[in-house]
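Undergrad: Show me how the following folds:
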Amino acid sequence: MDIPDLNTLLDAGSPYVTHLSAAVLIIIMFLLFLTLLSTAGYFPVLLSITSYTAIIARLKAKGVPYIEPKQVQELMQSGSVQDCLSRLRSCGYLTRVTMECTPDQAEEELLLAWYEEVALLRSQAPRDAWLFFDAFLFFQEIAKVKRIIRLIHMDRAGVITENPKLWPEGCTPDLAAKIGNVRSMSEGIRLLQETRYGETLLGGMALYEKEQSVFYLDHALDCMGFSELKSQMSMVQAYLASPYRDFIAVLIDIQNIRVLIRAKHSGWNPDAVPLCLVDGGQELPMWRLVQMNEMMSVPDLLRQLSGTGYDSVLSPVLRTYP
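TA: Numbering: from 1, shown residues only. Predicted coordinates:
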């Protein structure tokens, strides 16, 4: 029914209805419709969906080539570091370093690009999602701490001062200079007590000193990150929280699978493995992880993933496992 028809219908019932009053009535009806949507809970969801349009369009235009297994496999088959760099540059990565850069410089550049991309996504995301991105950015801060831990472990702490952009939050120039001169992990962890990561790292020191493996320090930091993510999720609007919870749960699954693979490959004592697992996965609850830990080898372990979303990813790789 067009506007003239509507006016005719209204005029038939009331001699006082004019074009202006009909327009006002239409606006009121539209506002009532929006109120109904809001009351039913649909309006915030619709607004949320439309607010992601710009982000999705930009990501589609830019592309994410290395999310595809085929692309990753081709990259792994690079004949040299320079060949690998050339492939990455052709996809828009590592454009700020020369082809003669060292592997360390390439890694640092990729880390910085990752930080910048997530920060940009946060700036374009709806305000209601900022808590999630802040928690995810915390994982990037953790990655910076892991880099420091790895450099200390490799007796290369001196390079820490060279790139302030890779210092975690709370690391001042004075602290970075002190860490750059440490001679042991215990000394480095002692200095990191000045940051929010110090107490967490202390919890992993006993196993680090026993096994001389940074895994235990990395794992302590990962648990700290997941705890932060879960805490932030409790403050995200209910209509937005479900996909974020699913995302976190998948991250936890992946973390636990990595731990189990490493444990079976390295011949860990099975009794020590549950201490390194994180509860709250999407497809792998703790009881199932305990069952998987009873497997004697990596192939046996991965066969337990049959029926999960991770099977199609890991089964092809299993054929090339030693």
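Undergrad: Now do the same for stretch 97-113: mean pLDDT, whole number.
TA: Across stretch 97-113, pLDDT averages out at 83.
Undergrad: May I ask which helix or strand encompasses Lys264?
TA: Here Lys264, judged by DSSP states H and E, is contained in helix 238-266.
Undergrad: And the residue nearest the centre of this protein?
TA: The centre of the chain sits closest to Phe136, judged by CA atoms, centre = their mean, with a distance of 5.4 Å.
Undergrad: Identify the residues contacting the helix or strand containing it?
TA: Phe136 is part of helix 130-153, with elements assigned from DSSP H and E. Contact with helix 130-153 is made by 111, 114-115, 118-119, 121-122, 125, 157, 159-160, 166-169, 171, 179, 182, 184-185, 188, 192, 195, 197, 201, 214, 217-218, 221-222, 224-225, 228-229, 231-233, 235-236, 244, as judged by CB atoms under 8 Å, 6 or more residues apart in numbering. All C-beta spots, glycine's among them, are computed from the backbone N, C-alpha and C.
Undergrad: Just to check, Leu201 is in contact with Ser186?
TA: No - if you go by CB atoms under 8 Å, Leu201 and Ser186 don't touch, sitting 10.3 Å apart.
Undergrad: Pick out whichever of these two has more residues nearby.
TA: When Leu201 is set against Ser186 and neighbours are counted by other CB atoms under 10 Å, the residue ahead is Leu201, at 24 against 13.
Undergrad: Let me see the contact set for the closest residue to that one other than its chain neighbours.
TA: Excluding the flanking residues, the one nearest Leu201 by CB to CB, 6 or more residues apart in numbering is Ile189, at 4.9 Å. By CB under 8 Å, 6+ apart, Ile189 lies in contact with Gly198, Leu201, Leu202, Met205.
Undergrad: Out of those residues, who's the most crowded?
TA: Busiest of those [other CB under 10 Å] is Leu201, holding 24 neighbours.
Undergrad: got a list of what that one touches?
TA: Leu201 makes contact with Val145, Ile149, Ile189, Leu192, Leu217, Ala220, Leu221 under the criterion CB under 8 Å, 6+ apart.
Undergrad: got a winner among the residues you listed for most neighbours?
TA: In those, the most neighbours by other CB under 10 Å go to Leu217, 27 neighbours.
Undergrad: wouldn't that one be in contact with Gly203 here?
TA: No - if you go by CB under 8 Å, Leu217 and Gly203 don't touch, sitting 9.1 Å apart.
Undergrad: Spatially nearest residue to Ile254, not counting backbone neighbours?
TA: Nearest one to Ile254, counting by CB to CB, 6+ apart, is Tyr310 at 7.7 Å.
Undergrad: quick one: pLDDT of the one you found?
TA: The predicted local confidence for Tyr310 is 90.
Undergrad: again with Gly41
TA: So, for Gly41, pLDDT stands at 46.
Undergrad: what does the one 10 residues further on give?
TA: pLDDT recorded at Ser51 is 65.
Undergrad: Also the one 10 residues further on?
TA: Per-residue confidence at Ala61 stands at 76 (pLDDT).
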